[in-house]
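Asks: turn this into a model:
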Amino acid sequence: MHNISDKNGKGRRATHAAYMRFRHFVKSGYWRGHHIHSPFVYHMVRDVITTRTPNDSEIRERAEEYRRALYADDRRIMVRQMGAVNREPRLRKICDIAKRTSTTEKYGRLLARIARELEIDSILELGTSMGISTAYLALSRPGARVVTIEGVAEVAEVAEARLKEAGINNVTVLRGDIDEKIDEAIAMLPRGEVGLAFIDGNHSKDATLRNFEKISAHRAALSVLIFDDIYWSDGMTTAWNTIVADSRVSTTIELAQMGLAIFRSGCQKEHYNLRW
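Replies: Numbers count the residues shown, from 1 in each chain. This is a model prediction of the structure:
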């Protein structure tokens, strides 16, 4: 019965994600900044998100070298929980975990461009996995402080070791439940403020909104919160729509996979469905 329920849940999530991505494609626009009047948003869309200039090639090469090392690692570790669904403990290959859970090159480069272009010096990540998105963020701003939380201790151990082996030394990996570790993580950032947060841990509605509230209370003058898998489930999409409607958020940009919530004072509230 448990297996049937789990399969049904996966099927519902897959159907929801496919529908929402199609809906986003139909509704989206603003390619290359067309019809955007805000100079800040125009710059974000044209020069950061949709840019075709390969000015991040060094970051990409190092981050993808990091990925290749993980994909070649066939050691097995015990995994007690992955993603938003509890599972029985079992042995899994590091390479398989990395392939299943890691940010793609396209979105990794996007994370790096945002952090670099906005000159972020305090970066929080919820959900390290094997550290590929962590690598992109840390390499984009070598002088920044990056704190990342991973709930599976064995996975966190691998990520921490691999980051050190790659010479990425501006990252602190915290092991434990996000709800229990997030205050400690924020306190470790410069001024106790979050300039950029990449939220890719628990994809439930309640957890997403709890993380949003916690980070919002510690935002910098300019803060970007990036939510992964906004179409992962109905609950996750509901949480994203709640964030879009929040009056404290000045600008939201919806992509086919991620959502950007930007806090920036003195700006008129705007929402964009961006085709990218």
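Asks: what segments of the stretch 101-250 of the chain are helices?
Replies: Listed in chain order, the helices of the stretch 101-250 of the chain (DSSP state H, counting those that start in this stretch) span 105-117, 132-140, 153-165, 178-187, 205-216, 234-245.
Asks: can you put those helices in TSV and add distance to Phe25 and mean pLDDT?
Replies: Any C-beta I mention is one placed from the backbone N, CA and C, and that applies to glycine too. Converted to TSV, the helices of the stretch 101-250 of the chain look like this (distance: least, CB to CB, whole Å; pLDDT from 0 to 100):
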stretch	distance to Phe25	mean pLDDT
helix 105-117	16	96
helix 132-140	24	98
helix 153-165	33	96
helix 178-187	31	98
helix 205-216	23	98
helix 234-245	15	97
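Asks: nearest to Tyr272, of these?
Replies: Closest approach to Tyr272 among these is made by helix 234-245 (10.3 Å; CB to CB).
Asks: select the longest helix from the chain.
Replies: Using DSSP state H, we find that the single longest helix of the chain is helix 2-27.
Asks: not counting sequence-adjacent ones, nearest residue to Arg80?
Replies: Pro89 (4.7 Å; CB to CB, 6 or more residues apart in numbering).
Asks: not counting stretch 34-42 itself, show me its contacts.
Replies: Residues outside stretch 34-42 that contact it (CB atoms under 8 Å, 6 or more residues apart in numbering): Gly29, Tyr30, Gly33, Val45, Thr251, Ile253, Arg264, Cys267, Gln268, Glu270, Tyr272.
Asks: just the buried residues of those.
Replies: Among the contacts of stretch 34-42, the ones that count as buried by 16 or more other CB atoms under 10 Å are Tyr30, Gly33, Val45, Thr251, Ile253, Arg264, Glu270, Tyr272.
Asks: was I right to think the first one contacts Glu270?
Replies: No - the criterion here is CB atoms under 8 Å, and Tyr30 misses it with Glu270 at 10.6 Å.
Asks: coming back round to it: next helix or strand past the longest helix of the chain?
Replies: helix 39-43 (DSSP states H and E).
Asks: check which element follows that following helix along the chain.
Replies: Next along the chain after helix 39-43, taking DSSP H and E as the criterion, comes helix 57-71.
Asks: so for that following helix, mean pLDDT?
Replies: The average pLDDT for helix 57-71 rounds to 96.
Asks: restricting to C-alpha, output that helix in PDB.
Replies: Extracted C-alpha coordinates of helix 57-71, given in PDB (Å, rounded to 0.1, in the frame of the first residue of the first chain):
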ATOM      1  CA  SER A  57      33.400  30.500 -18.600                       C
ATOM      2  CA  GLU A  58      36.000  30.200 -15.900                       C
ATOM      3  CA  ILE A  59      33.300  29.600 -13.200                       C
ATOM      4  CA  ARG A  60      31.500  27.100 -15.500                       C
ATOM      5  CA  GLU A  61      34.700  25.200 -16.200                       C
ATOM      6  CA  ARG A  62      35.500  24.800 -12.500                       C
ATOM      7  CA  ALA A  63      32.000  24.000 -11.400                       C
ATOM      8  CA  GLU A  64      31.500  21.400 -14.200                       C
ATOM      9  CA  GLU A  65      34.900  19.900 -13.300                       C
ATOM     10  CA  TYR A  66      33.500  19.500  -9.800                       C
ATOM     11  CA  ARG A  67      30.300  17.900 -11.300                       C
ATOM     12  CA  ARG A  68      32.400  15.400 -13.300                       C
ATOM     13  CA  ALA A  69      34.300  14.300 -10.300                       C
ATOM     14  CA  LEU A  70      31.000  13.500  -8.500                       C
ATOM     15  CA  TYR A  71      29.600  11.800 -11.500                       C
END
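Asks: just checking: what are the partner strands of whichever helix or strand comes after that helix?
Replies: Sequence-wise, the next helix or strand downstream of helix 57-71 (DSSP H and E) is strand 76-82. Sheet pairing of strand 76-82 (DSSP bridges) gives strand 85-93 (antiparallel).
Asks: quick one: average pLDDT of the strand it pairs with?
Replies: 75.
Asks: quick check: the residue nearest in space to the middle of the chain vs Thr103, distance?
Replies: Centroid-nearest residue in the chain: Phe198, 3.6 Å away (criterion: CA atoms, centre = their mean). Per CB to CB, to the nearest Å, Phe198 is found 9 Å from Thr103.
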